[in-house]
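In: how would this look folded up:
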Amino acid sequence: MRSVATGSPAPADHAEAGAPGAGAVRPAAPAPAGPARPPRAAWAAGFGQAVPVMLGYVPVAFAFGVLGHTAGLPWWAMVAMSAFVYGGSSQFAALQLLAVGAAPYAIVLTTFVVNLRHLLLSAAIAPRLAGWRRREQALFAYELTDEAFAVHSAQYAERAERPRAEVFTFNAAVHASWVAGTLAGVLAGDLVTDVRALGLDYALPAMFMALLAAGVVADRRGLAVALVAGGGAVGLTLLGLQYWAVLVAAAAAATFGLAIAPREGRADDTEALGTEGAPGR
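Out: Alright, predicted model coming up:
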């Protein structure tokens, strides 16, 4: 990632000309910049962040591949779905609809509704990518998942400046693990008849709860928002809202979090996001 100070300091006679309250004219000091991380170090950091997510993705993708094989879908269709759709809940929902012979429009509409939560995820992470090129933003958005959002949010909270090589290495690694797990499940479809007996469906929720706990354990406001979101999603699901439960609960929890945030904290957060996301930083 480019350093903040990329040019040489301005000449002394023009450095502070016209600055309010300036006395003697002095050359402008270059802005401090942290040490640039070598590409290999950025790749290693991104892969290291991806390993816990990969451990949760592989068994769930394996279960998806087994179920798809059991439903009679070709292996290439399953792998293509994991490569291009890349959404666990929407893929499982689409698989169920395909198995019962649902109309294509019903499958597309269901997938759209299930993935509406990504509107909230992308809106929250967008200020961090304000200085990126359009194609970089598009590639990042293509590989944005719930778990990727959790990791990226935690990393950006610790470090406002992250090498893009690190970010894209993480995204590519977890995406590859999802595709590889699907292929393994398809190939092992004849050997595994009941994935529920193996408890593979619990791997992803367990991994996501671990990521959530790490992010809110020291933040009372974050913990309160998480409880509202989780409780609301469970309650709305029990009331029969199904796919809308997560979206409605997330929106309500985000509104609740904004309402309980101190005014000073909200102003500081807005200013910080605007500064960090400025082009060239």
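
In: and the next helix or strand past the particular helix or strand that has Ala94 in it?
Out: Assigned by DSSP states H and E, Ala94 belongs to helix 88-99. For helix 88-99, the following helix or strand on the C-terminal side (DSSP H and E) is helix 104-114.

In: need the next SSE after that next one, C-terminal direction.
Out: helix 117-125.

In: for Ala184, give its distance to Phe84.
Out: 18 Å (Cβ to Cβ, to the nearest Å). For glycine as for every other residue, the C-beta is placed from the backbone atoms N, C-alpha and C.

In: picking up where we left off before, just checking, what packs against the helix holding Ala94?
Out: Counting contacts by 3 or more Cβ pairs under 8 Å, 6 or more residues apart in numbering; DSSP states H and E, helix 88-99 is packed against helix 39-70, helix 75-84, helix 104-114.

In: out of those, nearest to Thr169?
Out: Minimum separation from Thr169 across those (Cβ to Cβ) falls at helix 39-70, 3.0 Å.

In: which of the residues in the closest one are buried?
Out: By neighbour count on 16 or more other Cβ atoms under 10 Å, the buried set for helix 39-70 is 42-43, 45-47, 49-50, 52-54, 56-70.

In: one more: stretch 110-124?
Out: Using 16+ other Cβ under 10 Å as the test for burial, stretch 110-124 gives 110-111, 114-115, 117-118, 120-121.

In: now render those residues as TSV, adding pLDDT and distance to Ser90.
Out: Formatted as TSV, these follow (pLDDT from 0 to 100; distance: Cβ to Cβ, whole Å):
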residue	pLDDT	distance to Ser90
Thr110	87	8
Thr111	87	4
Val114	82	4
Asn115	85	5
Arg117	83	10
His118	87	10
Leu120	84	16
Leu121	88	14
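
In: tell me where the model's unsure across the stretch 151-281 of the chain.
Out: 193-197, 199-204, 207-208, 211, 214-218, 263-281 (pLDDT under 70).

In: which parts of it are helices?
Out: Assigned by DSSP state H, counting those that start in this stretch, the stretch 151-281 of the chain shows helices spanning 164-187, 203-216, 220-238, 243-260, 263-276.

In: about what we covered before: more neighbours: Ala184 and Phe84, which one.
Out: Comparing Ala184 with Phe84 by neighbour count (other Cβ atoms under 10 Å), the higher total belongs to Ala184, at 16 against 10.

In: so what's the more buried one up against?
Out: By Cβ atoms under 8 Å, 6 or more residues apart in numbering, the residues touching Ala184 are 58, 61-62, 65.

In: recalculate using a threshold of 10 Å.
Out: Ala184 sits next to 58-59, 61-62, 65-66 when contact means Cβ atoms under 10 Å, 6 or more residues apart in numbering.
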